[in-house]
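All I have is the shape, not the residue letters:
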């Protein structure tokens with residue numbers, strides 16, 4: 001869960017509402033739609049390692065795919 005003191009970025013067209021955030025553990029995408037609350041996150045395997053460019057877009061795509069699949 002995202003700490004309320006850190007900035008978030010709203011994501012459009014992902015569930016009823018969605019946002020992404022970065023914290024000390026990595027990058028996350030959070031969305032909800034109807035009765036589903038989904039969090040997808042990624043973290044570096046080594047402390048201090050850089051996360052790859054495009055990771056936020058990849059996590060958004062994963063979340064969108066998961067929502068589509070779960071809606072059936």
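Sure thing, it's come through. Bear in mind the structure is a predicted one, so any value in this text is a computation, not a measurement. Numbers count the residues shown, from 1 in each chain.

ok, which stretches of the protein are helices?
For the chain, the helices defined by DSSP state H cover 55-71.

how about low-confidence regions in it?
Residues of the chain meeting the criterion pLDDT under 70: 1-4.

Now for the residue most central in space within it: which residues touch it?
When Cα atoms, centre = their mean is applied to the chain, the residue found nearest the centroid is residue 29 (1.0 Å). For residue 29, the contact set (Cβ atoms under 8 Å, 6 or more residues apart in numbering) comprises 11, 14, 18-20, 39-41, 56, 59-60, 62-63. No exception for glycine: its C-beta is placed from N, CA and C like everyone else's.

Find the nearest non-adjacent residue to it, please.
residue 59 (4.3 Å; Cβ to Cβ, 6 or more residues apart in numbering).

distance of the one you found from residue 40?
Counting by Cβ to Cβ, to the nearest Å, the gap from residue 59 to residue 40 is 5 Å.

do residue 61 as well
Per Cβ to Cβ, residue 61 is found 10 Å from residue 40.

out of these two, which sits in the more crowded spot?
The neighbour count for residue 61 versus residue 40, taken as other Cβ atoms under 10 Å, is higher for residue 40 (19 against 14).

how far away is the more buried one from residue 12?
According to Cβ to Cβ, residue 40 and residue 12 sit 17 Å apart.

if we can go back for a sec, what remains of the contacts of residue 29 if I keep only buried residues?
Among the contacts of residue 29, the ones that count as buried by 16 or more other Cβ atoms under 10 Å are 11, 14, 18, 20, 40, 56, 59, 60, 63.

In contact with the fifth one, which residues are there?
This means residue 40. Applying Cβ under 8 Å, 6+ apart, we find residue 40 in contact with 28, 29, 59, 62, 63, 66.

how much space between the fourth one and residue 69?
When you say that, I think you mean residue 62. 11 Å.

Return the residues in contact with the closest residue in space to residue 11 that isn't next to it in sequence.
Closest residue to residue 11 apart from its sequence neighbours, by Cβ to Cβ, 6+ apart: residue 18 at 4.0 Å. When contacts are counted by Cβ under 8 Å, 6+ apart, residue 18 touches 10, 11, 12, 29, 30, 31, 32, 60, 63.
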